[in-house]
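Asks: Need coordinates for the below:
(one chain, ligands or ions: 2)
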Amino acid sequence: MRSYQVHKQGPIEANPLVMVERDVEEPGIGQVRILVEACGICHTDLHIAEGDLHPPNLPITPGHQVIGKIDKIGPPKISGNDREEIWIGKKVGVAWLHTTCGTCVMCMSGSENLCENAKFTGFHLNGGFAETMIADTSALLPIPENCNPVDYAPFLCAGIVGYRAVKRANVLDGDHIGLFGFGASAHLMLQVLKARSCRVSVFTRSTAHQNHATELGADWVGMPDQKPRDLLDNAILFTPAGESVVRALERIRNGGTVSINAIHMSDLPTIPYSLLYGEKTITSVTNATYQDAIEFLALAEKINLKTTVKPISFDELNAAMRDLKKSAIIGEAVLKVI
Ligand SMILES: [Zn+2]
Ligand SMILES: [Zn+2]
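Replies: Ligands and ions are numbered 1, 2, ... in the order given. Just a heads-up that it's a prediction; the model follows:
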């Protein structure tokens, strides 16, 4: 089967993702094999290809917004922590957080996204930039059988982790929320926030992204150094630029929160204490829990959430990743595998 692999990390301009033929794997105990239909392309995949993040072993197949169908089921686990009923042909999704230890304080308290022994799709184990992949049954997410896999794939990271970022930002219905950066995750969270009667201001350099935000109902759009007339209640950062933390702190009211949705960020500049004084909070977002995923997927259906996608044919992955690096994708690029 065809599969992309990162053998040697490097600039995306040097095509670090190499297409290879490799054997179709057999699912082990508590695992299934999935025929991949589509896989969303995330900034984290770019970080893995370029070497900002270091998988424990190379080569690795990235890709962690996987939609596909189960085509083989391995022997069941003796203890059994399968979350979903499974059968051959069932449509399933696989997101970034793949397995957790299940026994640490974080796992036991429902914060398994913070488990120190978590394993990630397309990082510890091969992901969805391939025709088939092996997944743990506990990682499978229920996906509507009639969904379009390309349209649905962005929900599995941009959506789920963005949803957690909204939760971490302490958003109340009707708040004035600032979104910094307007890629895959922000274009979904804008719709989530509008469904909660929020006023949404979007800060992005890209004119195309500004226009996309306006089309989706943003109340104000501008450059990162511009300011809407009123202070923000809270801000959510979707950009890996450390200086945006300062800009967000300058634009939120006292008591507001800056929620950072980035797995990798450039160093934060020096922050004058006066910007933090006023009981402002800076917080990060680390992965997302299974519960976040279930909540978000139900919400997406309830509010009829729409993704803006750029379908990518299987041999164009490196080119799509280059466009992602240049912020030249509107919404999310999704690899079509079938
Ligand atoms: Zn991701
Ligand atoms: Zn744990």
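Asks: Any regions of the stretch 51-200 of the chain where pLDDT drops low?
Replies: Applying pLDDT under 70 to the stretch 51-200 of the chain flags the ranges 78-84.
Asks: Tell me the secondary structure at K69.
Replies: strand (DSSP: H, G, I helix; E, B strand; the rest coil).
Asks: what's the domain layout of this protein?
Replies: 2-147+308-336, 160-284 (automatic domain parsing).
Asks: For the ones you listed, give me TSV that also has distance to Q291 and mean neighbour count.
Replies: All C-beta spots, glycine's among them, are computed from the backbone N, C-alpha and C. Output for the domains of the chain, formatted as TSV (distance: least, Cβ to Cβ, whole Å; neighbours: other Cβ atoms under 10 Å):
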stretch	distance to Q291	mean neighbour count
domain 2-147+308-336	7	19
domain 160-284	10	19
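Asks: Tabulate those domains in JSON lines, adding columns for distance to D292.
Replies: Shown next, in JSON lines, are these (distance: least, Cβ to Cβ, whole Å):
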{"stretch": "domain 2-147+308-336", "distance to D292": "8"}
{"stretch": "domain 160-284", "distance to D292": "5"}
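Asks: Out of those, which is closest to ligand 1?
Replies: domain 2-147+308-336 (3.1 Å; Cβ to the ion).
Asks: Can you give me the end-to-end span of the closest one?
Replies: 13 Å (Cα to Cα, to the nearest Å).
Asks: name the element E295 belongs to?
Replies: helix 290-302 (DSSP states H and E).
Asks: What mean pLDDT does that helix get?
Replies: Averaging pLDDT along helix 290-302 gives 97.
Asks: Could you number the chain from 96 rather than 1 from now on?
Replies: I'll keep to 96 as the first residue from here, and by that count the last item is helix 385-397.
Asks: Now that helix: buried residues?
Replies: Using 16 or more other Cβ atoms under 10 Å as the test for burial, helix 385-397 gives 385, 387-388, 390-392, 395.
Asks: if we can go back for a sec, kindly reformat the domains of the chain as a markdown table containing distance to ligand 1.
Replies: Listed next are the domains of the chain as a markdown table, based on distance: least, Cβ to the ion, whole Å:
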| stretch | distance to ligand 1 |
| --- | --- |
| domain 97-242+403-431 | 3 |
| domain 255-379 | 6 |
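Asks: Identify whichever of these lies nearest to P249.
Replies: domain 97-242+403-431 (4.1 Å; Cβ to Cβ).
Asks: Could you check the closest one against ligand 2 for contacts?
Replies: Yes. On the criterion Cβ under 5 Å from the ion, domain 97-242+403-431 is in touch with ligand 2 at 195-196, 199, 202, 210.
Asks: how far out from the middle of the chain is the helix holding E390?
Replies: 14 Å (Cα atoms, centre = their mean, to the nearest Å).
Asks: for it, packing partners?
Replies: Applying 3 or more Cβ pairs under 8 Å, 6 or more residues apart in numbering; DSSP states H and E, we find helix 385-397 packed against strand 235-237, helix 253-263.
Asks: re the thing from before, tell me which two of the residues of domain 97-242+403-431 next to ligand 2 sit farthest apart.
Replies: So, the residues of domain 97-242+403-431 next to ligand 2 by Cβ to Cβ: farthest apart are T195 and C199, at 7.9 Å.
Asks: Between those two, which contacts overlap?
Replies: 210, 212 (Cβ atoms under 8 Å, 6 or more residues apart in numbering).
Asks: how long is stretch 150-158 from one end to the other?
Replies: 13 Å.
Asks: I misspoke; the intended subject was stretch 312-330.
Replies: Termini of stretch 312-330 sit 17 Å apart (Cα to Cα).
Asks: what's the answer for stretch 303-320, then?
Replies: 17 Å.
Asks: Give the pairing partners of the longest strand seen in the chain; include direction for each.
Replies: Identified as the longest strand of the chain according to DSSP state E is strand 126-135. Strand 126-135 pairs in its sheet with strand 161-168 (antiparallel), strand 227-231 (antiparallel), strand 427-431 (antiparallel), by DSSP bridges.
Asks: any idea of the mean pLDDT for the last one?
Replies: The reference is to strand 427-431. Rounded mean pLDDT across strand 427-431 is 98.
Asks: Now find how far off-centre it is within its chain.
Replies: On Cα atoms, centre = their mean, the centre of strand 427-431 falls 13 Å from that of its chain.
Asks: what angle separates that strand from helix 253-263?
Replies: With axes from the mean of the first three to the mean of the last three Cα atoms, to 10 degrees defining the directions, strand 427-431 sits at 150 degrees from helix 253-263.
Asks: One more: the first one?
Replies: Between strand 161-168 and helix 253-263, the angle comes out at 110 degrees (the same axes, to 10 degrees).
Asks: Tell me the first helix or strand C-terminal of strand 161-168.
Replies: Per DSSP H and E, the helix or strand that comes after strand 161-168 is strand 186-189.
Asks: related to what we said a few turns ago, which residues sit against the helix holding E390?
Replies: 178, 190, 192, 205, 207-208, 236-239, 250-251, 254-256, 258-259, 262, 283, 287, 383, 400.
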